[in-house]
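Novice: just coords:
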């Protein structure tokens, strides 16, 4: 409410023409403007920096948010169906559109989904994840180039913030392809393992398979997304929620875009001869846990980890490679600008000084010639 008043007054204030000879702003308008802020009598210790979060909130809401998600896993595991269920939209109706802009309560989110059709379907799947790894590196490289350029204000962030890796429910755990793929990507993107088609397993089988997958992830040294540690001042409900999320890895999910009617209720689910499965029923799957974690509670942390860890590791490696190439005398092979060392700076300063000195000498000679010509004319 305070923001709306200030915004309206600001618009009025911009239409006021102040004349130093005639006076200042009209008294009623000035009183209306000052009424938006606490008076010294109300709070003598109030400065105003407590409104900084509101300022940041208004700026970020106006700018909007971006999030890039990549889904990986073999065909037939319900990747497209789950994505449509997560964001309540048909993102795959026209596959020519690579991203979609969704809005909720005035908040705009530019969501980009990268699918991997045909992943792991070949007879020889050696390095079949290479195109996924190359795409992530390409986005890092493009952002690094834009960040190193001149127009840094309008940089578009297409870095991949999260990878949902779908694991088949058929088998005894991770396949060799799953291990190799996640080990190739775990240093470049936040990996969240997902146990697909959980409705094909009994509750006991889901529990055993989750434990088996967690053990193999630890055994093979795969670094999946780590939930941030709770601070000591966090409330108990938040700590309990974080622990439930950690114990739910990998998320056993069910996806469906079909509205089912049962017992007077309509919901998204799947109908079987022996009963009905509800997508958003916590007793049937971890769909709600995954959606809440991905959208409501940890989306910003996924972006922060991408920026502060994965991208910074890539950036540091690029700078190290550039420095090494520069020292080896092959700086022309890398198109990005190199950091100038202290010795290089001293050399450039010396060359500029010499250039200025020569220009000064030329000017002095021209002045002498002009003086001689003037004397001869007299």
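Specialist: Ah, there it is. Since the structure is predicted, the reported quantities are computational estimates derived from the model, not experimental observations. Residues are numbered from 1 along each chain as shown.

Novice: Pretty sure residue 255 sits against residue 87.
Specialist: No. Using C-beta atoms under 8 Å as the test, residue 255 is too far from residue 87 to be in contact (11.6 Å). Heads up, the C-betas are built off the backbone N, CA and C, glycines and all.

Novice: Tell me which of those two has more neighbours.
Specialist: For residue 255 and residue 87, the more surrounded residue by other C-beta atoms under 10 Å is residue 255, and the numbers stand at 23 against 18.

Novice: Give me the pLDDT for the more buried one.
Specialist: Among the per-residue scores, residue 255 holds a pLDDT of 84.

Novice: That one: which element?
Specialist: Following DSSP states H and E, one finds residue 255 outside all helices and strands.

Novice: Helices of the protein, residue ranges please.
Specialist: Secondary structure of the chain by DSSP state H: the helices cover 2-14, 27-34, 52-63, 79-87, 130-148, 176-185, 203-219, 236-247, 287-291, 299-305, 311-327, 342-377.

Novice: Pipe those into a markdown table and attach mean pLDDT per row.
Specialist: What follows is these, written out as a markdown table (pLDDT from 0 to 100):
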| stretch | mean pLDDT |
| --- | --- |
| helix 2-14 | 34 |
| helix 27-34 | 57 |
| helix 52-63 | 71 |
| helix 79-87 | 83 |
| helix 130-148 | 90 |
| helix 176-185 | 92 |
| helix 203-219 | 93 |
| helix 236-247 | 85 |
| helix 287-291 | 91 |
| helix 299-305 | 92 |
| helix 311-327 | 85 |
| helix 342-377 | 75 |
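
Novice: With distance to residue 262 as extra columns, can I get those helices in a markdown table?
Specialist: Formatted as a markdown table, the entries for those read as follows, by distance: least, C-beta to C-beta, whole Å:
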| stretch | distance to residue 262 |
| --- | --- |
| helix 2-14 | 45 |
| helix 27-34 | 58 |
| helix 52-63 | 39 |
| helix 79-87 | 18 |
| helix 130-148 | 39 |
| helix 176-185 | 35 |
| helix 203-219 | 20 |
| helix 236-247 | 27 |
| helix 287-291 | 17 |
| helix 299-305 | 32 |
| helix 311-327 | 46 |
| helix 342-377 | 73 |
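
Novice: The residue nearest the centre of the chain and residue 75: what is the separation?
Specialist: The geometric centre of the chain, computed from its C-alpha atoms, lies nearest to residue 303 (C-alpha atoms, centre = their mean), at 3.6 Å. When distance is defined by C-beta to C-beta, to the nearest Å, residue 303 is 29 Å away from residue 75.

Novice: can you check residue 356 too?
Specialist: Note on residue 356: its distance to residue 75, by C-beta to C-beta, is 68 Å.

Novice: Between these two, which has more neighbouring residues?
Specialist: Each of residue 356 and residue 75 has its neighbours counted (other C-beta under 10 Å); residue 75 has more, 14 against 10.

Novice: Thought residue 253 was touching residue 82, still the case?
Specialist: Yes. Taking contact to mean C-beta under 8 Å, the distance of 5.9 Å between residue 82 and residue 253 places them in contact.

Novice: shared neighbours, those two?
Specialist: Common contacts of residue 82 and residue 253, defined by C-beta atoms under 8 Å, 6 or more residues apart in numbering, comprise 194, 196.
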